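model the structure of this input:
(2 chains)
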Amino acid sequence: MQDLLDTLYNTFIVDDRWKFLTTGLGNTLLITFFSLLMGMVLGFIVAIVRATYDKTGKLKILNFLFKIYLTVIRGTPVVVQLLIIYFVVFGSVNIDKLFVAVLAFGLNSGAYVAEIVRSGIMSIEKGQFEAGSSLGFSYAQTMIYIILPQAFKNVLPALANEAIVLLKETSVAGYIAVNDLTKGGDYIRSVTYQAFLPLICVAIIYLIMVMIMTWLVTKLERRLAKNDKG
Amino acid sequence: MKLKKLISVMAACMLSAAVFTGCGESVPENTVHSLDDLPGKTIGVQLGTTGDIFATDIEGATVERYNKGADAVQALKQGKVDAVLIDNEPAKVFVSNNEELMILDEPFAVEEYAIAIKKGNDELTEKINTALGELKNDGTLDNIRKNWIGDEAGNYPYTSPEGTDRSNGTLVMATNPEFPPYESMSGDAVVGFDADMMQAVCDRMGMELIIESMSFDSIITAVDSGKADVGVAGMTVTPERQENVNFSDSYTTATQVIIVRK
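Sure thing, here's the model as predicted:
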């Protein structure tokens, strides 16, 4: 018992080491939130352009560019992308590392969100588009008022999954010396040489965050399902 | 339709332009000329090294902890940090590979490197100390040092004596081969001062040496949890580490130095 208390004291209290976990948690949340936001915006734009091309054959060049984006981003590991953005793209600029992390994870997430949303749009039957046109809606109006709301509901579980993956993926931000949650745990591990507590503690914090996210999404899903019953 | 094409092309051009504006800008002037300049600066270190411990104690300095010493040096070159704290011998290797960097003429801490052994395994500690003592007395250790460090590097390669008995089992050594000249990768083998020294120690003890590579901050945990028998990675003896592992007698000394841009 005394041993455990000693380790606890050593791991969290000495030199205010718990602060590494709290600042780390803050940074992890910050990176996740903004890259999620960026990924969603980017993903929806790419998905709409790609679906429009699939359905109408318009926006050929944009579709081609976005296809390259999807291939490159989905074809390379996120750690490598992060390092490329930090050491190559912003090679000689002293740029805020949090910004680099948001950019890297946002770009990465955008590619996955795009394909998720596109699959949602493609899953809406053709009749819905025709119904839109027969009501006198333009293509854009049909998309915004009829297709996207239904598609969004269909892909919500997949999007939630992507958000959870993104949250956990940010744990590699430590490669560019960002003090995220994982790095905070690593730092404590590197000064106390105790693996158990810092790792378990970091794991539990991630788990709690994911559980909260899952709970929020379930609530949103239920809320959206209510509309169906009318 | 033509307009849309034009817009797309313009968007693509702007995107690539934005990507490449980063390149070509100049790196900020060096602002660190001595140890006294470090407070308030951004210091790059490798996570868990003694450089990390020193940097953490500097008032008002921001410590950037990279997973590799080489990444910290890269960040220094690109102006992302103002200085890098690292052991002198790896520093020399990094600086010799990067013309725009230099080592400040001010080593600030002399440290003892030793072999980390699982806490409480006094038998192995004793055996390693005996072997180390013999290697020190017959000059083998000096030759290994000369082979890796200094002007005569490469002239004293260590080879195991012929007919060495290896009946006493295996010894697993945990190291982080990104710390030349103490350890680095050559092909898929780990080479360096530490690798040769441990080979010599194992030859004395009649054991087979197996080298496991891992990140530096995992080495002590690996030794502590029994995943490795010894940790040898240019590891400085510090009181905090001593609480968690046994240390052998010191096999060499080193200093911490500051690398800056010229």
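
how about the residues of chain A by chain B?
When proximity is defined by CB under 8 Å from any CB of the partner chain, chain A lies next to chain B at A:58-62, A:65, A:87, A:89-95, A:174-177, A:179, A:183, A:186-187, A:189-195. (Each C-beta comes from the backbone N, C-alpha and C, glycine too.)

just the buried ones from those?
Buried residues within those, counting neighbours by 16 or more other CB atoms under 10 Å in any protein chain shown: A:59, A:61-62, A:65, A:87, A:89-95, A:174-177, A:179, A:183, A:186-187, A:189-195.

looking at these, which are in helices?
With helices defined by DSSP state H, the entries of these inside them are A:61-62, A:65, A:183, A:186-187, A:189-192.

return the closest of the residues you listed with respect to chain B.
For those, the minimum distance to chain B (CB to the nearest CB) is 3.1 Å, reached by A:Ser190.

ok, the closest one touching B:Gly48?
Yes - assessed by CB atoms under 8 Å, A:Ser190 is found in contact with B:Gly48 at 3.1 Å.

shared neighbours of these two, anything?
Taking CB atoms under 8 Å, 6 or more residues apart in numbering or on different chains as the criterion, A:Ser190 and B:Gly48 both touch B:Asp217.

pLDDT below threshold where in the chain?
Here I'm looking at chain A. A:229-230 (pLDDT under 70).

oops, chain B please
Across chain B, the ranges flagged by pLDDT under 70 are B:1-25.

check contacts around A:Ala101.
Applying CB under 8 Å, 6+ apart to A:Ala101 gives the contacts A:31, A:35, A:82, A:170, A:173, A:176, A:178, A:180.

and which of those residues is nearest chain B?
Using CB to the nearest CB, A:Ile176 is the member of the contacts of A:Ala101 that sits closest to chain B, with 7.9 Å.

residue contacts, the residue nearest to that closest one when sequence neighbours are not counted?
Nearest residue to A:Ile176, sequence neighbours excluded (CB to CB, 6 or more residues apart in numbering or on different chains): A:Tyr86, at 4.4 Å. Neighbouring residues of A:Tyr86 by CB under 8 Å, 6+ apart: A:97, A:100, A:104, A:176.

try B:Arg166
Under the criterion of CB under 8 Å, 6+ apart, the contact partners of B:Arg166 comprise B:202, B:206-208.

one step back: and the ones in helices among the buried ones among the residues of chain A next to chain B, which is closest to B:Pro181?
The shortest separation between B:Pro181 and any of these is 23.3 Å, and it belongs to A:Ser190 (by CB to CB).

near chain A at all, stretch B:203-217?
Yes - taking CB under 8 Å from any CB as the criterion, stretch B:203-217 and chain A are in contact, through B:Asp217.

in that stretch, what's buried?
In stretch B:203-217, residues buried by neighbour count (16+ other CB under 10 Å) are B:203-205, B:207, B:209, B:211-217.

what about the contacts of A:Ala101, which one has the most neighbours?
A:Ala173 (30 neighbours; other CB atoms under 10 Å in any protein chain shown).

that residue touches A:Lys183, doesn't it?
Yes - judged on CB under 8 Å, A:Ala173 makes contact with A:Lys183 at a distance of 7.2 Å.

please give the element, helix or strand, for A:Gln81.
helix A:78-83 (DSSP states H and E).

what does that helix rub up against?
The set of residues that contact helix A:78-83 without belonging to it, under CB under 8 Å, 6+ apart, is A:73, A:100-101, A:104-105, A:107-108, A:169, A:172-173, A:175-176.

what segments of chain A are helices?
For chain A, the helices defined by DSSP H cover A:2-8, A:18-56, A:60-75, A:78-83, A:97-123, A:126-134, A:139-142, A:148-169, A:181-192, A:196-229.

chain center to the fourth one, what's the gap?
Same thing as helix A:78-83. Its chain's C-alpha centre and that of helix A:78-83 lie 15 Å apart, by CA atoms, centre = their mean, to the nearest Å.

buried residues in that helix?
Buried positions in helix A:78-83, judged by neighbour count with 16+ other CB under 10 Å: A:78, A:81-83.

ditto for the shortest one
Within helix A:139-142, the residues scored as buried using 16+ other CB under 10 Å are A:Thr142.

go on, stretch B:105-124?
Applying a neighbour-count criterion of 16+ other CB under 10 Å, one finds B:107, B:111, B:113-119, B:121, B:124 buried in stretch B:105-124.

ok, now stretch B:251-261?
Of the residues in stretch B:251-261, those buried by neighbour count under the rule 16+ other CB under 10 Å are B:251-252, B:254, B:256-261.

equivalent analysis for stretch B:54-68, please.
Applying 16+ other CB under 10 Å to stretch B:54-68 flags B:54-55, B:58, B:61, B:63-68 as buried.

which of these sits closest to A:Gly127?
Among those, B:Asn67 lies closest to A:Gly127 (CB to CB), at 54.2 Å.

correct me, but that closest one touches B:Leu47?
Yes - counting by CB under 8 Å, B:Asn67 sits close enough to B:Leu47 to count as a contact (6.1 Å).

identify the contacts common to those two.
Taking CB under 8 Å, 6+ apart as the contact definition, B:Asn67 and B:Leu47 share the neighbouring residues B:Ser215.

go through stretch B:34-49 and flag the buried ones.
The neighbour-count check on stretch B:34-49 (16+ other CB under 10 Å) flags B:35, B:37-38, B:41-49 as buried.
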